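In: Structure for this input, please:
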Amino acid sequence: MKKSIIFISILLSIFLMIGCVSAGFFDFLDGFDVLNDNPDNTFVVGFNSQFPPFGYVDSNGEYTGFDLELAQEVAERNNWTFKAQPIIDWNTKKFELDSREVDCIWSEFTINGREDDYTWTEPYFNNTKLVIVRGDSGIDSIDELNGTTLEVQQGSSILKTIAENETLNKTFAKINEVDGYDTAFMDLEAGVCDVIIIDSCLGKYMVTEKFTDAKVLDQPLSDEVYGVAFGKGDEGLKNQVQDTLNDMYDDGTVKRIAQKYEKYGVPEGVIYPN
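Out: Reported below is the predicted structural model:
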């Protein structure tokens, strides 16, 4: 009789343990569903934090910039939680987008030459490339760049421009790719390179705020446009962002945000819908 009671007690204990484990397991699954739903309410914007005035770290240690302010406003109008996600290695930007680590790339990102790689919003900014040299270099024209060493950001669209321009391609004795334009400007000051080619507003920011001894040549290179890039086929999210941007154009919000960066030429580059 005692053995029967002990056996029944063991069985009851086993069933209780199974019930607890099952309940915990289903609670875990419920939590997993919540995590999966979270991206629908969180707008994760991939950007390069070394691209002022479009995306950078301000004096308070906060991410800000023209692009990020636009993106945050889009998020607020859609009741999304905004998250600015810096892409540490800019060469991995497409992988991070395709793997849904970020919802979009919004970071003075050039459409030209990448039209078929992403799903794009309408262009929102006209950009030119600036040629920058040391102030004491004695170089005053693009025609005087023969045999110089050029530095550009890794993955920059200027590399494609140079490759497709036979004259420009033969101009430079050496082309170095660096991980960021802070490095490029320090190399310029140190004489490691002779010239930098850079996006217009970023170049104006760097020369105005950090490297005031550098000189911008009067002849800009290549016109191009920026857009917000989404994963291929992500039409739904793209359309929602575009519709919100259109409302922001209509009510003057885009213009207001652009004016905050007037010193760097942002208002002049904004593309307004017809």
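In: contacts, neighbours, all on C-alpha from now
Out: Noted.
In: Residue 185 versus the closest residue to residue 169 other than its chain neighbours, what's the distance?
Out: Nearest residue to residue 169, sequence neighbours excluded (C-alpha to C-alpha, 6 or more residues apart in numbering): residue 162, at 5.2 Å. Residue 162 sits at a distance of 20 Å from residue 185 (criterion: C-alpha to C-alpha, to the nearest Å).
In: Of those two, give the one with the bigger neighbour count.
Out: Neighbours per residue (other C-alpha atoms under 10 Å) separate residue 162 from residue 185, with residue 185 holding more: 26 against 17.
In: Now do the top strand by length along the chain: which elements does it pack against?
Out: When the chain is parsed with DSSP state E, its longest strand is strand 125-134. On a contact count with 3 or more C-alpha pairs under 8 Å, 6 or more residues apart in numbering; DSSP states H and E, strand 125-134 meets helix 181-190, strand 195-199, helix 200-209, strand 214-216, strand 221-226, helix 266-269.
In: Give me whichever of these is most buried.
Out: strand 195-199 (a mean of 25; mean count of other C-alpha atoms under 10 Å).
In: Please list all residues in contact with residue 188.
Out: 133, 134, 194, 195, 196 (C-alpha atoms under 8 Å, 6 or more residues apart in numbering).
In: ok so, going back, now the longest strand of the chain, how far from the centre of its chain.
Out: 18 Å (C-alpha atoms, centre = their mean, to the nearest Å).
In: how big is the angle separating the following helix or strand past it from strand 125-134?
Out: Next along the chain after strand 125-134, taking DSSP states H and E as the criterion, comes strand 149-153. Orientation check (axes from the mean of the first three to the mean of the last three C-alpha atoms, to 10 degrees): strand 149-153 against strand 125-134 gives 140 degrees.
In: Identify all contacting residues around strand 149-153.
Out: With C-alpha under 8 Å, 6+ apart, strand 149-153 has contacts from 158-159, 172-181, 184, 192-198.
In: Which of those are buried, as a ChimeraX select command?
Out: Provided next is the ChimeraX selection string for whichever of the contacts of strand 149-153 are buried by 16 or more other C-alpha atoms under 10 Å:
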select :158,159,172,175,179,180,181,184,193,194,195,196,197,198
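In: Name the nearest residue to residue 118, sequence neighbours excluded.
Out: That would be residue 232: by C-alpha to C-alpha, 6+ apart, it lies 4.9 Å from residue 118.
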